[in-house]
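Visitor: what follows is a predicted protein model with its sequence.
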Amino acid sequence: QGQLVESGGGLVQVGGSLRLSCAASGIIFDINGMGWYRQTPGQEREFVAAISWKDGESYYADSVKGRFTISRDYTKNTMYLEMASLKPEDTGIYYCAAKRAPYGYSPPHEYDYWGQGTQVTVSS
């Protein structure tokens with residue numbers, strides 16, 4: 001059974017950095033794309049970044065472009081999100097997701113697997 005486990009969230013000051021990790025198990029031969037989403041209370045889940053599991057091609061939401069970097073380590077079955085120059089509006093629960101469909105933008109409902117989420121809080 002497939003599983004995604006996030007880690008690395010926490011409390012950080014404005015301008016600081018964090019690295020999130022997403023460890024995948026049981027599904028790695030089945031997936032083509034992975035991504036990060038975030039959510040705040042009362043809001044819909046918001047796309048942050050996505051990556052092709054096979055070749056590492058990636059793209060970002062405009063709100064994080066130039067500040068966040070998505071990557072994956074093929075040998076560790078782990079995806080990362082390096083976040084820098086953090087802003088209060090980056091606060092939220094960050095979820096990693098994986099899908100069997102080909103790499104490319106997908107709305108949340110097209111992802112097949114989700115992690116439990118990790119809280120990121122940016123204080124001013």
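Guide: Okay, I see it.
Visitor: what about the strands in the protein?
Guide: 3-7, 10-13, 18-25, 33-39, 46-52, 58-60, 68-73, 78-83, 92-99, 113-114, 118-123 (DSSP state E).
Visitor: Ser106: which of those is closest?
Guide: strand 92-99 (6.0 Å; C-beta to C-beta). All C-beta spots, glycine's among them, are computed from the backbone N, C-alpha and C.
Visitor: quick one: contacts of that closest one?
Guide: By C-beta atoms under 8 Å, 6 or more residues apart in numbering, the surrounding residues in contact with strand 92-99 are 2, 4, 6, 9, 20, 22, 24, 27, 31-40, 45-46, 48, 53, 79, 81, 106, 108, 110-120.
Visitor: just the buried ones out of the residues you listed, please.
Guide: 4, 6, 9, 20, 22, 24, 27, 31, 33-38, 45, 48, 53, 79, 81, 106, 111, 113-115, 117-118, 120 (16 or more other C-beta atoms under 10 Å).
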